[in-house]
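Visitor: This is the structure alone, sequence omitted:
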């Protein structure tokens, strides 16, 4: 399996080479005001802590970083407490007096002092920090002052603990007695976990963490070693001193520019730059089945693997977002480790990872996982922060101030008097006095000396004359200067008057413009108010317009629906009217035909009655009347059918042929199974008929005629059988339709019900009473009345013709 990395170091590589390639650029960025993060990652026992800390005689990355920082900023460090960190991840700057008071106050406190560089160094760590390379950053801003603050925390079981806290406690666990209960020790105080907070710049920090200001490599490393002794380690199957927590050593560098004189720190908080370098020694990823962990060790291993898995998940999501342009949420909050360094992965600094690999065969699978994750990590590119601009003061202030102080002290030592401007003025006056004649020697050594005093008088006279000349010249110059001053004063006054006049004019103009501006502003406010009212009115009108448009649309849609419903109803009503008209026309025709037939039958009945009455009246009394025979009755309808209508002007009615037309035609004889047998002598018989119990399309397709046998109960309690006849037609759809044409009625009656006598009081009837009963007028008339039109078959058979 092949993996590619930016740099691969062998087993014999020295710490200096590793530091120059990996950590040195991070220290340079720290001094230039940028953040940095350095991880050591690998399997348990692969050398992470050794890479970070080093060994006696060969310091690791951490002491070399501290040594490079102090070698670079050594001569530019500020005094203690000039920079003061607050509890919100910020930094303030104090003046020298406040810093001095703070130092005196801190020295008077009985608490243990911060380790000093002048104290005796612990021999256990003396060899680790004895770095002989003297590596330093080349480009350091010499006009800034610097202060270094360090803090040391560990992340144990996903809780953050401060390793520099002064509370005494056992690193791993308290003392236990024989009853497996902790000893009641008043000095034992359990460590308190710290919380993560976010400052005003959205950077994460450990709230309440101890931050120590250090001034040398030895002092800083001694603070680190003091916290290292409190770090949680334990003995496992893979490592005798296995780190059970992630340790984070944070180096903060505060820098601020000097003022314009190059003397003191510029008292502006906005100009302070606070950069941070975090050195993280991760706990080793491990498999519990190999470490044989139990109890607390097992819980620790689970939390370690969980935090490392969260780190891996965050890196994978960042890589996926950058490669595919997605915007998935990075789960920083799932672990305190990733939450603390969230800003680094979001682009607030440079991130480096050192992968430690143990070539043992037992670590093969874990090493593959570590290298696969590390190779994927280097594909993630985070944005680099933009350099913050510095103040606009002149560079080189510190050295110019130092050179000035050195020159000032040198001149003071040489001359012991004032310097600069005063020296120049004094030397000019000395040169002016040197123009006077020198005074001769004024010492009188002899009483008879007559040369010294005359020479002195002469020189003094010359000096007096020269003084008078100078005084006169000075008076002239003074007068000329006064004249010039007066002229200048007059010109100044005139100019002042002119300027005042112009100013008054300008003020008037400005006042007029102000009044105009006020008027315009009032007008603008009035117009704005009107515009606002118009906008509100327009908004109301637009709302009304929208509402009316919606109402119009809804009503138009409703009208359209009503119009379509109206058209549909009109079409429906037209169809119903046409259908009803056709139906009623047919009904009227049927009723007219039936009425005509009924009137014709009534006329025939009356005509028949009149004939019978006439025959009875005109018949001789001694003659016995004959009983009308059935044959004669059958022949009578043929003669009566051609009788003239009762109404002379009525149209002739077409009489149907009442004889059977079954010859040569096929019939469907529909006899429902519910019909009862009548057992009469006369039975309907249709030749070539298909008898069915229910009408079917198959039977109708083979025949031309249809007959339905229907039975019902008459008003006198007798069974009445109706034969409903019709024609079969083919429809356009390929089916069959039946149009009914005639109805024939078969009815049985008792003959005794019609026998009545005209003189029931006769006690002795003759022998031929049966024959003589027909001679009764009432009886014969009643028989004639019961025989309806078309009853050619006798009084028991009735025929009613129905129109189509």
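Guide: Arrived safely, thanks for sending. The model shown is predicted, which means the values in this text are computed figures rather than measured ones.
Visitor: which intervals of the protein have sub-threshold pLDDT?
Guide: By pLDDT under 70, the low-scoring segments of the chain are 109-133, 167-190, 232-243, 286-295, 297, 381-397, 399, 415-444, 619-664, 752-804.
Visitor: Please parse it into its domains.
Guide: Under the assignment the TED database, the domains of the chain span 15-107+120-170+190-378, 451-569, 689-742.
Visitor: Tell me which of these sits most buried.
Guide: domain 15-107+120-170+190-378 (a mean of 18; mean count of other CB atoms under 10 Å). For the C-beta atoms, the positions are set from N, CA and C on the backbone; glycine is no exception.
Visitor: Now do that one: distance from first to last residue.
Guide: Terminal residues of domain 15-107+120-170+190-378 are spaced 22 Å apart (CA to CA, to the nearest Å).
Visitor: Stretch 52-62 too?
Guide: End-to-end distance (CA to CA), stretch 52-62: 6 Å.
Visitor: rewinding a little: need the domains of the chain in TSV (columns: distance to residue 600).
Guide: Converted to TSV, the domains of the chain look like this (distance: least, CB to CB, whole Å):
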stretch	distance to residue 600
domain 15-107+120-170+190-378	103
domain 451-569	45
domain 689-742	17
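Visitor: For residue 751, which of the ones you listed is the nearest?
Guide: domain 689-742 (12.8 Å; CB to CB).
Visitor: now the closest one: how far from the chain's centre is it?
Guide: 77 Å (CA atoms, centre = their mean, to the nearest Å).
Visitor: Repeat that for stretch 587-602.
Guide: Taking mean C-alpha positions (CA atoms, centre = their mean), stretch 587-602 and its chain are 87 Å apart.
Visitor: likewise stretch 5-23?
Guide: That offset, for stretch 5-23, works out to 47 Å (CA atoms, centre = their mean).
Visitor: Residue 66 touches residue 253, doesn't it?
Guide: No - if you go by CB atoms under 8 Å, residue 66 and residue 253 don't touch, sitting 11.3 Å apart.
Visitor: quick one on the thing from earlier: looking at the domains of the chain, spot the one closest to residue 616.
Guide: domain 689-742 (28.6 Å).
Visitor: and the end-to-end length of the closest one?
Guide: Counting by CA to CA, the terminal residues of domain 689-742 are separated by 17 Å.
Visitor: could you say which helix or strand contains the closest residue in space to residue 341 that isn't next to it in sequence?
Guide: If the residues on either side of it in the chain are set aside, residue 341 comes closest to residue 37, at 5.9 Å by CB to CB, 6 or more residues apart in numbering. Residue 37 belongs to strand 36-42 when assigned by DSSP states H and E.
Visitor: need the contact list for the nearest residue to residue 724 once chain neighbours are set aside.
Guide: Nearest residue to residue 724, sequence neighbours excluded (CB to CB, 6+ apart): residue 708, at 4.4 Å. With contact set as CB atoms under 8 Å, 6 or more residues apart in numbering, residue 708 has these partners: 670, 723, 724.
Visitor: what kind of secondary structure is the last one in?
Guide: Applying DSSP: H, G, I helix; E, B strand; the rest coil to residue 724 yields a three-state assignment of strand.
Visitor: ok, now how distant is it from residue 683?
Guide: 17 Å (CB to CB, to the nearest Å).
Visitor: returning to that earlier point: any idea what the residue nearest to residue 341 is bridged to?
Guide: Per DSSP bridges, the residues bridged to residue 37 are residue 278, residue 351.
Visitor: ok, so what distance separates it from residue 4?
Guide: Taking CB to CB, one finds residue 37 at 22 Å from residue 4.
Visitor: What of residue 229?
Guide: From residue 229 across to residue 4, the span is 39 Å (CB to CB).
Visitor: Next: residue 68.
Guide: Separation of residue 68 from residue 4 (CB to CB) stands at 29 Å.
Visitor: do the same with residue 160
Guide: Taken as CB to CB, the span from residue 160 to residue 4 is 35 Å.
Visitor: My read is that residue 739 contacts residue 724, right?
Guide: No - with contacts counted by CB under 8 Å, residue 739 stays clear of residue 724, the gap being 11.5 Å.
Visitor: who touches residue 344 in this structure?
Guide: By CB under 8 Å, 6+ apart, the neighbours of residue 344 are 35, 37, 278, 351, 382.
Visitor: Make CSV out of the residues you listed and add distance to residue 461.
Guide: Converted to CSV, these look like this (distance: CB to CB, whole Å):
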residue, distance to residue 461
35, 85
37, 91
278, 89
351, 93
382, 93
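Visitor: So which elements touch the biggest helix by length in the chain?
Guide: The residue-count maximum for a helix in the chain (DSSP state H) belongs to helix 452-618. If you count contacts as 3 or more CB pairs under 8 Å, 6 or more residues apart in numbering; DSSP states H and E, helix 452-618 packs onto helix 630-640, helix 777-786.
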